[in-house]
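*Asks:* fold the following for me, if possible:
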Amino acid sequence: MRPVFLFSNMFKDYPNRKLNRIKGYDYSHDGFYFVTICVKNRANYFGRVMNQEMILNLFGKTVKNCWFDLPKHYGNCRLDELIIMPNHLHGIVEINNHVGTDFKSVPTNKKYSLSTIIQGFKIFSSRRINLLNPPILFRWHRSFYDHIIRDDESLYRIRKYIRENPLKWEFDRNKLENLYL
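*Replies:* As a prediction, the model looks like this:
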């Protein structure tokens, strides 16, 4: 007798979602990861770009503080380049599961994955923003984009992309006004 799946037709109208992570890859491995995290519905919460420079508002500063607090919560997390834009951020997270000096390295107590670190960041920052302004209900987009940085040349290019992001805001695909062009 075949098993009956009561909910099998429940999701038939939803398109297949693209998997965001590489199947079988351990995202707690040592390395550099480029991430992009967007605000739900691309709402501009974090400030504005003026004269090709990002000016953070209170919410943007809150997000920045939460980002830089991550290593306090996740022992294997190191932070590299970061830019907070009006409705998204780009950052580089280094996962380093060994602490110590060049002469003696010891494993960290816990190996947190990139997804766990980003989930924590989203929770911490959402709570703080919602405490600052209870009438709104701030939310991040459901997932995040990541790219495993595999060599120094790629790391250099991505750092440059992050630093120069405000210069390109007028044409950015995450800018709400550009969605319909």
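*Asks:* make it CA atoms for all contacts and neighbour counts henceforth
*Replies:* OK.
*Asks:* okay, and the closest residue in space to residue 88 that isn't next to it in sequence sits in which element?
*Replies:* Leaving aside its sequence neighbours, residue 88 sits nearest to residue 38 (C-alpha to C-alpha, 6 or more residues apart in numbering; 4.1 Å). According to DSSP states H and E, residue 38 maps onto strand 31-38.
*Asks:* partner strands of that strand and their direction?
*Replies:* Taking DSSP bridges as the criterion, strand 31-38 forms sheet pairs with strand 88-95 (antiparallel), strand 145-149 (antiparallel).
*Asks:* out of those strands, which gets nearest to residue 173?
*Replies:* strand 88-95 (11.0 Å; C-alpha to C-alpha).
*Asks:* could you list everything the residue positioned nearest the centre of the chain pairs with in the sheet?
*Replies:* Centroid check for the chain by C-alpha atoms, centre = their mean gives residue 37 as the closest residue, at 3.8 Å. Residue 37 has these beta-bridge partners by DSSP bridges: residue 89.
*Asks:* tell me the pLDDT at it?
*Replies:* Residue 37 carries a pLDDT score of 97 in this model.
*Asks:* can I get the strands paired with strand 31-38 in a markdown table with mean pLDDT?
*Replies:* Formatted as a markdown table, the strands paired with strand 31-38 follow (pLDDT from 0 to 100):
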| stretch | mean pLDDT |
| --- | --- |
| strand 88-95 | 97 |
| strand 145-149 | 95 |
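*Asks:* out of those, which is closest to residue 160?
*Replies:* strand 88-95 (11.4 Å).
*Asks:* may I have that closest one exported as PDB, CA atoms only?
*Replies:* Only the C-alpha atoms of strand 88-95 are listed here, as PDB (Å, rounded to 0.1, in the frame of the first residue of the first chain):
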ATOM      1  CA  HIS A  88      20.800  46.100   2.000                       C
ATOM      2  CA  LEU A  89      24.300  45.400   3.200                       C
ATOM      3  CA  HIS A  90      27.400  43.800   1.700                       C
ATOM      4  CA  GLY A  91      29.900  42.300   4.000                       C
ATOM      5  CA  ILE A  92      32.800  39.800   4.200                       C
ATOM      6  CA  VAL A  93      32.700  37.300   7.000                       C
ATOM      7  CA  GLU A  94      35.800  35.200   7.800                       C
ATOM      8  CA  ILE A  95      35.200  31.900   9.600                       C
END
